[in-house]
Structure formats: structure tokens, C-alpha cells
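Participant: Take this sequence and fold it.
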Amino acid sequence: MSSSALRPAKAALVALLAGGALAAVLLGGHLFVITQSMAGQRQLAEDQVLAQGRALRQHLMADGFRPPGGSITALEGPSLLQPGALVHLRQVALFFGTRAIWTLPPGTASPPAEPPLASADAVERSGPLWVYVYGLPDGRSFAATFELPLYTRRSGRMALAAGLEASALLTLILLLGYLASRIYRRGREEGAVLPGSEGGASPQAMVALFQQTLKELRTRTEEMEELHRRERARAEDVERMAEALCANLEAGYLRFGEDGRLTGVNAAARNLLRLQEVPRIGDRADHLLKEREGVLQVVEEVRSTRALALREEVPGPPGILLQVVGIPLFNLLHQLKGYLLLLRDQTGVYQMRRTLREREALTRLGEVAAGVAHEVRNALSTISARLRLLSQDVPSLDGNASFRALAEEARSLEQVMQNLLFFARPLPLERETVDLVALLEEEREAIEAAHVGEVQVRVEGEPVAVQADREALARALRNLTRNALEAMAEVQGGAKTLRLSCGPEEALARLRVEDSGPGIPEEAREGAFTPFVSQKPGGTGLGLAIARKIAREHGGDLVYFESALGGAGFEVSLPR
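Facilitator: As a prediction, the model looks like this:
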């Protein structure tokens with residue numbers, strides 16, 4: 001066969017080899033995409049198992065890893081109960097070594113293949129099941145088994161597609177090699193030479209080109225895999241660093257997705273909110289924060305306005321005021337991706353501000369009251385003096401009821417003026433060592449002498465001494481016990497108990513006065529220490545205000561609490 005007759009066959013060989021090489025490159029690229037997608041799906045599934053396992057572990061850890069009651073569905077969070085959820089809980093178990101302590105549902109459970117390190121968690125694959133394991137410091141290990149039906153179906157389809165494409169690629173390579181070698185052998189047998197000087201190429205050159213192409217394809221594939229591995233490692237490092245920073249923030253944070261479900265929370269947020277249920281990944285914001293309406297309102301405001309929201313003095317758990325900041329999260333395309341809540345315990349700051357405002361108001365009130373009391377006291381002194389002179393000039397008036405009532409009202413008004421001046425003026429303290437137990441015993445004796453058989457007075461507590469003005473402290477105690485006795489006098493029947501107690505607590509000494517009376521209504525507690533505000537008919541509203549002033553002048557404070565006796569309780573804190 002002549003060289004001219006072989007030229008079309010050789011041109012066809014070149015086209016066939018070039019087309020085969022192109023097809024091999026395309027198949028190889030698509031196969032690489034499938035394998036990367038499978039790796040991404042596996043990583044997503046592993047992350048889901050890790051997140052759900054951690055949420056489940058935190059839930060059981062709060063209960064001391066005691067065997068949970070009920071069925072396995074009782075442990076599943078709301079996100080696991082959605083239709084088409086990626087992760088389904090199948091079994092939880094607690095092991096000590098290879099021995100199962102308890103399992104739910106009851107049955108046989110296999111221990112982890114490799115015992116996890118203390119306080120470390122991992123995800124293992126066991127056939128179609130995924131197992132989350134966590135090592136406890138005491139040697140026990142917790143295991144939660146999950147099933148991922150959606151991932152199993154997807155990975156099966158992708159593995160089948162990858163197998164078919166790999167088979168096709170291998171078949172194509174073998175076919176091209178076979179055809180090239182067949183044409184090459186026939187050319188040698190017939191003594192023909194593929195045109196080289198005329199722009200053609202020899203079979204050896206085509207095979208070498210094909211092999212070089214495959215080699216470069218493998219090299220590029222390895223480079224892309226290495227680049228992907230590095231980028232994935234870098235992303236994981238950044239994510240771990242972000243999680244570590246968020247977990248160790250002093251402020252609490254909660255992160256919600258655009259659908260309003262929890263995607264992240266740290267320990268500080270759990271401590272600040274003190275919710276009855278442990279926050280779990282996937283919980284809805286309205287369900288999670290239903291006990292904290294003020295915090296939930298910030299979330300709703302951020303969702304509706306898509307702008308930053310700041311709220312001060314948001315009520316948290318009893319006795320805690322929070323500062324709440326809501327931040328919308330956007331991607332580079334300004335698409336809303338979720339919300340971030342930052343919580344800070346600002347109770348001390350808010351109380352300090354409130355105390356400063358109260359002191360400023362009381363200072364202004366005291367200045368006005370001092371001027372008024374001075375003028376009234378002068379006139380009252382004149383009235384009292386005239387009444388005494390009239391009583392001396394006309395002795396028969398002592399038996400007159402109206403005259404006696406007038407003199408009694410004058411004395412009462414004079415006492416009010418003395419209290420008002422005491423409240424308005426600076427309090428000079430003459431400090432000495434005061435034994436609080438002895439002070440309470442003296443008050444008990446005075447009360448029992450004045451109210452024989454009417455009230456039971458108990459003195460309790462540990463010996464504690466403070467540096468204080470004894471007379472001023474006794475006056476504050478007397479105001480508190482007088483209020484308690486008057487409150488119990490309103491109660492008809494039943495035992496009347498007054499408990500006086502004291503004791504040390506760190507750097508403070510605590511003095512408490514409690515009664516079995518009706519207590520203070522909740523709506524009146526805010527103004528209980530405000531001057532001239534009283535719940536008693538005819539009361540001046542200065543008793544508690546003076547008692548608090550004495551406590552604060554000593555560097556302490558006076559607060560209200562609900563007594564276990566059923567009535568009101570007041571606690572004086574003093575520096576030791």
C-alpha cells in the first residue's frame with residue numbers, strides 16, 4: 001500500500017486520537033467534579049452529625065448523663081423532626097470502656113471503635129450509620145448513632161455515576177491504545193511510514209502525546225486536590241478560631257439563620273438567659289426565647305427592620321438587667337443570611353445609674369425639705385410653748401380631750417419635723433465597734449416589753465461586728481421593726497412572728513428584719529424607699545427612707561425581699 005493511500009487512514013488516526021484525548025480530559029474533569037461533590041456531601045453530613053451530637057450531648061450533660069426517660073423521639077430537637085431532615089437519631093448510649101451503662105432504645109450497642117480522648121469528640125462511620133462519640137473526663141464515653149437517608153441516596157447515585165464515568169474513561173483509553181497499536185503494527189508490516197516531513201506524526205509520537213496529556217491531566221488533578229485541601233484546611237482553621245473566640249466571649253451571643261433557627265450559642269448566653277430548656281441547634285427563636293419577651297422583641301425588630309437594634313435594661317432572669325444588641329448578617333451580595341444577638345449583664349451599671357439619679361433627686365428634695373422644715377419648726381416651737389404655758393395657767397385644760405389631742409398632734413408634728421431634718425442634713429457618723437447580735441437582743445427586749453404577749457420575736461444568726469455609728473444603726477433598726485409591727489397589727493388572728501437575724505457574708509455583714517405580715521404589694525415595691533410615699537394611713541413615708549440613708553452613709557445598702565415567714569423582709573448590708 002502506497003504512502004498516499006495510507007495518508008487518509010493516518011489522518012483519521014490523528015483525529016481519533018485527538019478526539020479521544022479531548023473526551024478523556026472532559027470525562028476526567030467531570031469525574032473530578034463528582035468526587036469533590038461527594039467529598040463535600042460527606043463533609044456536610046459529618047458536620048450535621050457533629051452539630052446534632054454536640055447539642056444532644058449538652059442536653060444530657062445538663063442532667064448528669066442520667067438515663068433519659070421516654071422514647072428516642074423525646075430527645076430529638078425540632079430541627080430533627082422536620083420532613084426530609086438530613087439527620088435522624090437512632091440510638092444513644094453511655095459506655096464505660098466496652099461495657100454499655102445504658103442505651104436508648106434498650107438493646108445491643110457497639111462501643112466506639114477507638115475510645116475518644118477526655119473532653120474530645122469525633123464522628124465515626126459504621127456502614128450506613130454515623131456515630132458521634134465523646135469522651136468524658138471520668139473514663140466514660142457517650143455515643144449517639146444517626147442515620148442519614150438523604151445522604152445515603154445521594155452518595156449512592158453519585159458513586160454510581162462516578163463508577164460509570166470511570167469505566168467509560170478506562171474503556172476509552174484502552175480502545176485508543178488498541179487502535180493506535182493496531183494501526184502502527186499494520187504500518188510496519190506494510191513498510192509504510194506515516195508522513196513526518198509532510199506535517200504528519202508517527203504513531204509513537206501520538207502515543208507519547210496522549211501519555212503526556214494524561215500525565216499533565218493527573219498533575220493538574222493532584223494540584224487542584226492539593227489546593228482544595230489547603231483551602232478546606234484554612235476554612236476549618238478560621239471556623240475553629242471563630243468558634244473558640246465566640247465560646248470564650250464574656251458577652252453572650254446567639255446566632256440565628258435567616259429562617260429564625262438557632263445556629264450558634266455560647267456558654268455565657270446560656271448563663272445569662274437561664275432558660276428552663278437547654279438551647280439546641282435548630283431551635284426556633286420564638287420557642288427558645290418565649291420566657292424572655294424583651295430579648296425576643298429585639299430579634300423580631302431586627303428581622304422586620306433589617307437594621308441594628310440596641311435595647312437597654314431588658315429584663316432577664318430575676319434580678320438581672322441585660323443590654324441586648326441585635327445585628328443583621330449579610331453576605332457580599334447584601335443578602336440577609338441571619339441575625340446575631342449579643343447579651344451583656346449590665347445590672348450593676350444600671351443600678352449605679354439608678355442610685356445616682358435617686359441621690360440627686362433626694363439631695364434636691366432634702367434642700368427644699370430643710371428650708372420648709374426650718375420655717376415650720378419655728379412656728380411649731382411657738383405653738384408647743386404656748387400650749388405648755390396655757391396648761392400651766394389653766395390646769396383644768398389637762399382633762400379636756402380637745403386640748404390633749406391638740407398637744408399630741410403638736411408633738412407628732414414635731415417628730416415629723418425632726419425626721420425630716422435628720423433626712424435632709426448630712427449624717428455625722430461616730431464609728432465604733434458594734435456587735436450586731438447584741439444590738440438585735442436589745443431591740444428584742446424593747447419590743448417584748450412594749451408588746452407583752454402580742455408578738456413572738458426571734459433573734460438568729462452568727463456573731464458579727466461592724467464599725468458603725470451605734471445610735472444611727474439602732475435608729476434604722478427601730479424604723480424597720482416599727483414598720484413590721486404596724487404591718488402585722490393589720491392582720492387579724494394567727495401567730496405574729498418577727499425574726500431578727502445577722503451574719504457575715506464575704507466582706508459584708510447582713511442584718512435582716514422579717515415579719516409574718518401581709519408584705520408589700522409588688523406594684524408598691526419600686527417606691528417603697530421614696531420619701532413621703534407610704535402605704536399606711538397617716539404614714540409620713542420617711543421611716544424606710546431614713547433607714548436606707550443610714551445604711552448608705554455607712555457604705556452599705558437596704559433592700560427589700562420576700563420573707564419565708566410570708567411577709568416583708570428587709571436586709572441591711574454593711575462593710576465589715
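Participant: Might you report the residue contacts of residue 296?
Facilitator: 285, 286, 289, 290 (Cβ atoms under 8 Å, 6 or more residues apart in numbering). The way it works is simple: take the backbone N, C-alpha and C, and place the C-beta from them, glycine included.
Participant: In what element of secondary structure is it found?
Facilitator: For residue 296, the host element (DSSP states H and E) is helix 293-305.
Participant: can I get the CA coordinates of that helix in PDB?
Facilitator: C-alpha atoms of helix 293-305 as PDB (Å, rounded to 0.1, in the frame of the first residue of the first chain):
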ATOM      1  CA  GLU A 293     -40.000  38.500  75.900                       C
ATOM      2  CA  GLY A 294     -37.800  41.500  75.900                       C
ATOM      3  CA  VAL A 295     -35.000  39.600  74.200                       C
ATOM      4  CA  LEU A 296     -37.400  38.100  71.700                       C
ATOM      5  CA  GLN A 297     -38.700  41.600  70.800                       C
ATOM      6  CA  VAL A 298     -35.200  42.600  69.800                       C
ATOM      7  CA  VAL A 299     -35.000  39.600  67.500                       C
ATOM      8  CA  GLU A 300     -38.300  40.500  65.900                       C
ATOM      9  CA  GLU A 301     -37.200  44.100  65.400                       C
ATOM     10  CA  VAL A 302     -34.000  43.100  63.600                       C
ATOM     11  CA  ARG A 303     -35.900  40.700  61.400                       C
ATOM     12  CA  SER A 304     -38.500  43.300  60.400                       C
ATOM     13  CA  THR A 305     -36.200  46.400  60.000                       C
END
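Participant: got the angle for the helix or strand that it is followed by vs helix 293-305?
Facilitator: From helix 293-305 onward toward the C-terminus, using DSSP H and E, the following helix or strand is strand 309-315. With axes from the mean of the first three to the mean of the last three Cα atoms, to 10 degrees defining the directions, strand 309-315 sits at 170 degrees from helix 293-305.
Participant: Any buried residues in strand 309-315, and which?
Facilitator: 309, 313, 314 (16 or more other Cβ atoms under 10 Å).
Participant: same deal with stretch 332-344?
Facilitator: Here stretch 332-344 shows 338, 339, 340, 341, 342, 343, 344 as buried, counting by 16+ other Cβ under 10 Å.
Participant: With stretch 157-171 instead?
Facilitator: 162, 165, 169.
Participant: Check the offset of that stretch from the chain's centre.
Facilitator: Centroid displacement of stretch 157-171 relative to its chain, using Cα atoms, centre = their mean, to the nearest Å, is 49 Å.
Participant: Is residue 492 within a helix or a strand, and which one?
Facilitator: Residue 492 belongs to no helix or strand, assigned by DSSP H and E.
Participant: and it, how far is that from residue 517?
Facilitator: 12 Å (Cβ to Cβ, to the nearest Å).
Participant: Between those two, which is the more surrounded one?
Facilitator: Set residue 492 next to residue 517 and count neighbours by other Cβ atoms under 10 Å: residue 517 wins out with 23 against 5.
Participant: ok, back up a step: would you convert the buried residues of stretch 332-344 into TSV that also reports secondary structure and pLDDT?
Facilitator: Output for the buried residues of stretch 332-344, formatted as TSV (DSSP: H, G, I helix; E, B strand; the rest coil; pLDDT from 0 to 100):
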residue	secondary structure	pLDDT
338	strand	86
339	strand	86
340	strand	88
341	strand	88
342	strand	88
343	strand	89
344	strand	87
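Participant: Adding distance to residue 483, write these out as a markdown table.
Facilitator: Formatted as a markdown table, the buried residues of stretch 332-344 follow (distance: Cβ to Cβ, whole Å):
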| residue | distance to residue 483 |
| --- | --- |
| 338 | 53 |
| 339 | 48 |
| 340 | 48 |
| 341 | 43 |
| 342 | 42 |
| 343 | 38 |
| 344 | 37 |
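Participant: before we move on, back to that, just give me the least confident of the buried residues of stretch 157-171.
Facilitator: Within the buried residues of stretch 157-171, the minimum per-residue pLDDT falls on residue 169 (75).
Participant: Now the element after the strand or helix carrying that one, going C-ward?
Facilitator: Using DSSP H and E, residue 169 falls within helix 149-189. Using DSSP H and E, the helix or strand that follows helix 149-189 in sequence is helix 203-247.
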